[in-house]
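[1] Predicted model, plus sequence, below.
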Amino acid sequence: MIILAILAFCVIIIIHEMGHFFAAKACGMKVSEFSLGMGPRIFKKQGKETLYTVKLLPLGGSVQLGEDEESDDPRSFRNKPVWQRIIVLAAGPFMNLVLGVIVCAIAIIVSGRVVTSEIGGFRGDEPVSSQYLQAGDEIVEVNGLSVWSSMDISYALQNSASKATPDMEYMTYDFKVKRNGEIVPIDNVQFAVAKADDGTTSVVLDFYVIAHKLDFGNVFVYSFKEAATYGRLVWISLIDLISGTYGLNELSGPVGVVSAITQTATSSADMRINFTNLLSMIALITINLGIFNLLPIPALDGSRIIFLLIELVRRKPMKPEYEGMVHFIGFAALMILMLVVTFNDIVKLFSGG
């Protein structure tokens, strides 16, 4: 299963780099090297123009376009129009987002059903939320969070439950539902709080939602909805990280990602559930990679796009040595961060944390 997790991680990287590669080829740019991984080369093959390589550490990849080099070659990256260079840089993250939608669709097909946000009924002898909600209600908002998929419901409820104090028996939420064709606000909906032996708390989700049989239309629509949910969760997590809600110890690098994929794919005795969970994890990771690469952080695609937009406004490029220095410093900082995060991942792996 670990091998499968590593392969999944490599596929995500390859798809990203293929986005850059094929966009560059379509724009007539010269690609000197296409590589998977980092560190020393363990395999190489010279194509007609491009050197294809595999490196020892499966931690990333690259497409060498000579972005920070001056050249007289009309096919060089810096000699192409700004709009073409932006397309090439954005193509990698775009392919990750497209892959995320495709993997979400495959996960839905494998699960054999499309899970909606419409309440089908209630569980237990005394379901607390049934005093406020009704079967047939379509949940459209929880505590101000728009519900795009069933995952949004679980996230909104459980994220708040982690803040429950030991003496709390109930948590309250503000809902908006579609009932009889109208949007109805329902405030202070109560759910019982469950307390585990380790002190953690969770909400007792005492209703269940309706699942429909598969057809092309609902698979198409819900794959985009689930991908959008993952994208928003990534964005919310980034904001929480910047605001200090999450610390450095809660970040995961390649080791942590592979470990998470492995655990997700072996969490149930049902192989279909395991495979569906694996696909969902892959979708989240590839969407995360796509969004993260669009951030204006030096050395990432987003930062290079910012430089191109500045060039578009100034009508002249930044000096390559200056831009190259900014990206080099950013790359070095990212490598240090990756080393720290990877070390933490290894500690967690052996300590069981």
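    It's in.
[2] Please give me every residue in contact with the residue minimising distance to the centre of the chain.
    Centroid check for the chain by Cα atoms, centre = their mean gives Asn288 as the closest residue, at 2.4 Å. By Cβ atoms under 8 Å, 6 or more residues apart in numbering, the contact set of Asn288 is Tyr230, Val234. Glycine gets a C-beta too; all of them are placed from N, C-alpha and C.
[3] pLDDT at it, what is it?
    For Asn288, the pLDDT comes out at 87.
[4] Helix, strand, or coil at it?
    What DSSP: H, G, I helix; E, B strand; the rest coil gives for Asn288 is helix.
[5] Return the distance of it relative to Ser160.
    23 Å (Cβ to Cβ, to the nearest Å).
[6] What about Ile183, how many residues nearby?
    By other Cβ atoms under 10 Å, 11 other residues sit near Ile183.
[7] in which helix or strand would I find it?
    strand 182-195 (DSSP states H and E).
[8] on that earlier part again, distance of the residue nearest to the centre of the chain relative to Gly302?
    Distance, Asn288 to Gly302, by Cβ to Cβ: 14 Å.
[9] pLDDT weak spots in the stretch 201-350 of the chain?
    240-241, 243-270, 321, 331, 333-350 (pLDDT under 70).
[10] sorry, back to before: the strand holding Ile183: which residues count as buried?
    For strand 182-195, the neighbour count (16 or more other Cβ atoms under 10 Å) marks Ile186, Val189, Phe191, Ala192, Val193 as buried.
[11] Stretch 88-99 now?
    Per 16+ other Cβ under 10 Å, stretch 88-99 contains these buried residues: Val88, Leu89, Ala90, Ala91, Gly92, Pro93, Phe94, Met95, Asn96, Leu97, Val98, Leu99.
[12] Go ahead and report the secondary structure state at the spatially closest residue to Ile139 that is not a sequence neighbour.
    Leaving aside its sequence neighbours, Ile139 sits nearest to Ser117 (Cβ to Cβ, 6 or more residues apart in numbering; 4.7 Å). Assigned by three-state DSSP, the conformation of Ser117 is strand.
[13] hang on, Ser117 packs against Ser150?
    Yes: between Ser117 and Ser150 there is a contact under Cβ atoms under 8 Å: 5.6 Å.
[14] shared neighbours of these two, anything?
    The contact sets of Ser117 and Ser150 overlap at Val209 (Cβ under 8 Å, 6+ apart).
[15] Break down the stretch 101-250 of the chain into its helices, ranges please.
    150-161, 216-243 (DSSP state H, counting those that start in this stretch).
[16] Format the ones you listed as JSON lines; extra columns: mean neighbour count.
    Shown next, in JSON lines, are the helices of the stretch 101-250 of the chain (neighbours: other Cβ atoms under 10 Å):
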{"stretch": "helix 150-161", "mean neighbour count": "19"}
{"stretch": "helix 216-243", "mean neighbour count": "16"}
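[17] as a whole number, average confidence for stretch 52-72?
    Averaged across stretch 52-72, the pLDDT comes to 79.
[18] now it, how far from the centre of its chain.
    24 Å (Cα atoms, centre = their mean, to the nearest Å).
[19] now stretch 138-152
    What separates the centre of stretch 138-152 from the centre of its chain is 19 Å, taken as Cα atoms, centre = their mean.
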